[in-house]
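Chemist: Build me a model from this:
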Amino acid sequence: MSKSTDSETLSTHIRDSMRGDILAGRWAPGDKLQLTALSQHYKTSSTVIREALTRLVGDRLVILKPNRGFFVPTLSLAELKDINELRCRSEEFGIGLAVERGDLAWESELIAAHHTLERTPYRETKPEAQLTDAWNRAHQAFHAKLLEACGVPVLIDLCSTLSDLSQLYGRWAGTATRYTNRDVAQEHREILTAALDRDAKLASRLIRVHYETTLNAILKSGIDDGAEQHGTAPAKV
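Modeler: Down below sits the predicted model:
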C-alpha cells in the first residue's frame, strides 16, 4: 500500500510540474514531448513520465498521436474564440449558482484569494514584461474560488480545463495584453464586490467583459494561426 501511495504521489507531482511548465511556455505549440528527455529533466523514470503525460492528455494540455507520441497541442484563433465563449457561458452559469449557495466561509476564502491576487507582483521586470507565474497562479485560484461554491464538480472541472487552455493561447500574445489601457486589478475588485453582494447578473457580466477584453487584445496583437508552429513566447490570459 505504501509503495502504491508513493508511486501515485510521485506521478501527481510530476504531472503538476509538467502542467506548470506547459502553461509557462517551456515548449511551443506542436512540440513533441520526448520521454527520454523528459525523464532526464524531471529525474524520474519513463514510466512515471508516461503516466503523467497520459493524465495531461485527459486535461487537453497534451495530445497523443497514435504511433507518433505525445505533443503540445497546436492551436488556432478560431478555436480560441470558441473556448472563450464556452468559458464565459460556463462561468456565468457557475457564478450564478455560487452566489446562491455560497456561505460565509466561501466569502472569507474568496476575499483571501483576492487579497493574495492583489498582493502578488503582476509583471516581470524583464524587458518583455510577461505576467509573473505567481500572479497567474493567484489569478486562476481567484477565479476557481469564485466558482467553488456552485457545488457542481463537473462544471468546476470544465472551467479549470478551459482556464488552462485559455492560458496556453494567451502565451501567443507576448506583451500584447500590456497595451490595452485596462485596469485588471479594478476588474477583479468589481467582480469580487458583485459576488459578495450576491449580484449574479452583474458578476456574470463582469466576468464576460474580463475575458473578452483579454481575447480582443490577443486578436488585435497581429498573431495569426501560423504562430502555432513558431514557438512564440506568450502572455497569460
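Chemist: any idea how far residue 88 is from the closest residue to residue 151 other than its chain neighbours?
Modeler: Closest residue in space to residue 151, ignoring its immediate chain neighbours: residue 101 at 5.6 Å, by CB to CB, 6 or more residues apart in numbering. The way it works is simple: take the backbone N, C-alpha and C, and place the C-beta from them, glycine included. Per CB to CB, to the nearest Å, residue 101 is found 21 Å from residue 88.
Chemist: And residue 112, by the same measure?
Modeler: Distance, residue 112 to residue 88, by CB to CB: 25 Å.
Chemist: So which of these two has more stuff around it?
Modeler: Using other CB atoms under 10 Å as the criterion, residue 112 and residue 88 rank with residue 88 on top: 19 against 13.
Chemist: which residues of the protein fall in strands?
Modeler: 32-33, 63-65, 69-71 (DSSP state E).
Chemist: Now for the protein, the helix or strand with the poorest mean pLDDT.
Modeler: When the helices and strands of the chain are scored by mean pLDDT, DSSP states H and E, helix 2-23 comes last with a mean of 79.
Chemist: returning to that earlier point: any idea which of the strands of the chain gets closest to residue 165?
Modeler: When the strands of the chain are compared by CB to CB, strand 63-65 sits nearest residue 165, at 12.2 Å.
Chemist: now the helices for the chain?
Modeler: 2-23, 35-42, 46-58, 77-101, 104-119, 133-148, 153-170, 184-196, 200-219 (DSSP state H).
Chemist: Below-threshold pLDDT in this structure: ranges please.
Modeler: Within the chain, the stretches with pLDDT under 70 are 1-7, 125-129, 171-180, 221-237.
Chemist: How many residues are close by the nearest residue to residue 135 once chain neighbours are set aside?
Modeler: Nearest residue to residue 135 in three dimensions, chain neighbours excluded: residue 120, at 4.7 Å (CB to CB, 6+ apart). Here the number of neighbours of residue 120 (other CB under 10 Å) works out to 16.
Chemist: repeat for the one 4 residues further on
Modeler: Neighbouring residues of residue 124 were enumerated by other CB under 10 Å; the total is 13.
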